[in-house]
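Participant: Sequence and predicted structure are below.
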Amino acid sequence: MASGKPRSTRKLRSWIIEQLESGQFPGVCWDDADKTMFRIPWKHAGKQDFREDQDAALFKAWALYKEKTKEGELGNAAVWKTRLRCALNKSSEFEEVPERGRMDVAEPYKVYRILPPGTLPDSGCGGSSIVDCRGSSSSSSSSSSSSSGGGSPEPEEGACLQEEASIQEDPVFMEHQLPLNSDYSLLLTFIYNGRVVGEVRVPNLDCRLVAEPLLLESEMLQVTFPKPDPLEPIQHLLSQLERGILVASNSRGLFVQRLCPIPISWNAPKAPPGPGPHLLPSNKCVELFSTNYFYRDLAQYCQGQGPPPKFQATLHFWEEKPDSNHTQENLITVRMEQAFARHLLETVPEEQRAALFLVQNPELPSAAVSLH
């Protein structure tokens, strides 16, 4: 047996093709006539209609092939799926084709493309991975690997490794330098049906929001949603979280990446103009909050040239896809903010806040300011 960890994955390629040609796994089939793409059933193990002997058959077969488990041992479909998914995404001979997969149907499936030898997978993100959102210029980002246990997103969530432009090249940053030793820890508030059910402070720069802890190769901190009543519809919604949501909080700002099939709308300082709802795309990094622009707006506020800067972002989880006329209250809301932003805004001197109030409300008498 070969030693070490060779980069070649010919065994996986040959094994996948062999299983496709055998026809022994329901739903595992070619997706095109040229046999360059194939489907793999991808039903969540928490679904009520999940059938381990069918929906997890291919994943279990790969685990047995790699001798990661033995026939007769207590099975764990989630672990089997993770092992095959990681193998596919680490390989240079496969790439996922999200636009051909269907995760919103009764029998969900993913589609992968088999690449010719020597071809580099097309990440298709141009800097949209959560990996690129960690920041590359501050000391906090350079030390994130040690402070968070070296945790990096799995290859599927962090496949795009292109370097972005340095934060110092941003003209806004050049004008508003970031204070040293700022607290970029993440404050999370969980709200079910309009009621606050939990609050968490995350010191790590990266975390994953999940319904249940996942067994993953990554050491990224996992934050679980508070447990609802088992009979509540919220429990059904949480069962669809699957791989959850990645969150990065650092000196550049606040970023999220949706990995689950649940429709999630968002509202934040970086939201595009218009009434919305603004839906998070799948597997793409979205910037919710920018520290650069917060400092700029804070400076303008302190000079009486603008309103207090916004610093909170919210994620709204929907049972069905919302539209512009959607008025029903969503079941789950996650409110998030970086600790430093609230602290800075709340520590604006009292005298300065009074003067700002007077400037922004010239119709009020000065006596009202003294009582403020």
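Facilitator: Thanks, I have the structure now. Residues are numbered from 1 along each chain as shown.
Participant: if I pick Val79, what's in contact with it?
Facilitator: If a contact means CB atoms under 8 Å, 6 or more residues apart in numbering, then Val79 has Ala63, Leu215 as its contacts. C-beta: built from backbone N, CA, C; applies to glycine.
Participant: tell me the SS of it?
Facilitator: Under DSSP: H, G, I helix; E, B strand; the rest coil, Val79 falls in the helix class.
Participant: Begin at 4 from now on, thanks
Facilitator: All right, first residue 4 from here; so that's Val82.
Participant: So it versus Phe62, what's the distance?
Facilitator: From Val82 over to Phe62 the distance is 9 Å, taken as CB to CB, to the nearest Å.
Participant: Please apply the same query to Gly256.
Facilitator: Between Gly256 and Phe62 the computed distance is 37 Å (CB to CB).
Participant: Same question for Arg211.
Facilitator: Counting by CB to CB, the gap between Arg211 and Phe62 amounts to 21 Å.
Participant: Name the nearest residue to Gly309, sequence neighbours excluded.
Facilitator: Distances taken as CB to CB, 6 or more residues apart in numbering place Gln303 nearest to Gly309, at 4.0 Å, with adjacent residues excluded.
Participant: Just to be sure, the one you found is in a helix?
Facilitator: Yes - secondary structure assignment places Gln303 in a helix (three-state DSSP).
Participant: where does it land on pLDDT?
Facilitator: The predicted local distance difference test score for Gln303 is 80.
Participant: how about low-confidence regions in this protein?
Facilitator: Within the chain, the segments meeting pLDDT under 70 span 4-13, 49, 71-78, 120-184, 207, 220, 324-332, 351-375.
Participant: repeat that for 50
Facilitator: Within the chain, the ranges that satisfy pLDDT under 50 run 4-12, 77, 123-131, 138-166, 168-180, 330, 367, 369-375.
Participant: Domain parsing of it, as residue ranges.
Facilitator: 13-117, 133-353 (automatic domain parsing).
Participant: And the helices in the protein?
Facilitator: Taking DSSP state H as the test, the helices found in the chain are 13-25, 55-58, 60-68, 80-93, 142-145, 147-150, 174-178, 236-241, 294-305, 342-349, 353-363, 369-373.
Participant: Let me see the contact set for Trp18.
Facilitator: Trp65, Tyr68.
Participant: how near is it to Thr85?
Facilitator: If you measure Trp18 against Thr85 using CB to CB, the figure is 17 Å.
Participant: now do Cys263
Facilitator: As defined by CB to CB, Cys263 lies at a distance of 15 Å from Thr85.
Participant: Next: Val31.
Facilitator: 18 Å.
Participant: Repeat that for Ile43.
Facilitator: Distance, Ile43 to Thr85, using CB to CB: 13 Å.
Participant: next one: Pro111
Facilitator: When CB to CB is applied, the distance between Pro111 and Thr85 equals 16 Å.
Participant: What is the burial count for Ile265?
Facilitator: Each residue near Ile265 was counted by other CB atoms under 10 Å, and the total is 22.
Participant: Quick one: residues contacting the closest residue to Leu87 other than its chain neighbours.
Facilitator: For Leu87, ignoring the flanking residues on the chain, the nearest one in space by CB to CB, 6+ apart is Trp65 at 4.6 Å. When contacts are counted by CB under 8 Å, 6+ apart, Trp65 is found next to Trp18, Trp83, Arg86, Leu87, Ala90.
Participant: Would you check which pair of these lies furthest apart?
Facilitator: Farthest pair in the contacts of Trp65 (CB to CB) is Trp18 and Trp83. Separation: 14.2 Å.
Participant: Contacts only, for the closest residue to Pro111 other than its chain neighbours.
Facilitator: In space, Pro111 comes closest to Trp45 once its chain neighbours are excluded; the distance is 5.0 Å by CB to CB, 6+ apart. Residues counted as contacts of Trp45 (CB under 8 Å, 6+ apart) are Lys84, Gly104, Met106, Pro111, Tyr112, Lys113.
Participant: I'd like to know how far Ile19 sits from Thr350.
Facilitator: Distance from Ile19 to Thr350, by CB to CB: 57 Å.
Participant: repeat for Ala316
Facilitator: The span separating Ala316 from Thr350 equals 21 Å under the rule CB to CB.
Participant: The closest residue to Phe297 other than its chain neighbours - how many residues pack around it?
Facilitator: Once its chain neighbours are removed from consideration, Phe297 has its nearest residue in Pro312; the separation is 5.2 Å (CB to CB, 6+ apart). Pro312 has 19 neighbouring residues, counting by other CB under 10 Å.
Participant: you'd agree Pro312 is up against Asn295?
Facilitator: No - using CB atoms under 8 Å, Pro312 is not in contact with Asn295, being 11.4 Å away.
Participant: For burial, what's the neighbour tally of Glu349?
Facilitator: Residues near Glu349, counting by other CB under 10 Å, number 8.
Participant: just Gly279 next, same as before
Facilitator: Other residues within reach of Gly279 by the criterion other CB under 10 Å amount to 15.
Participant: cool, Ser185 as well?
Facilitator: Ser185: 18 neighbours (other CB under 10 Å).
Participant: Ok, Met106 next?
Facilitator: The number of residues packed near Met106 is 16, by other CB under 10 Å.
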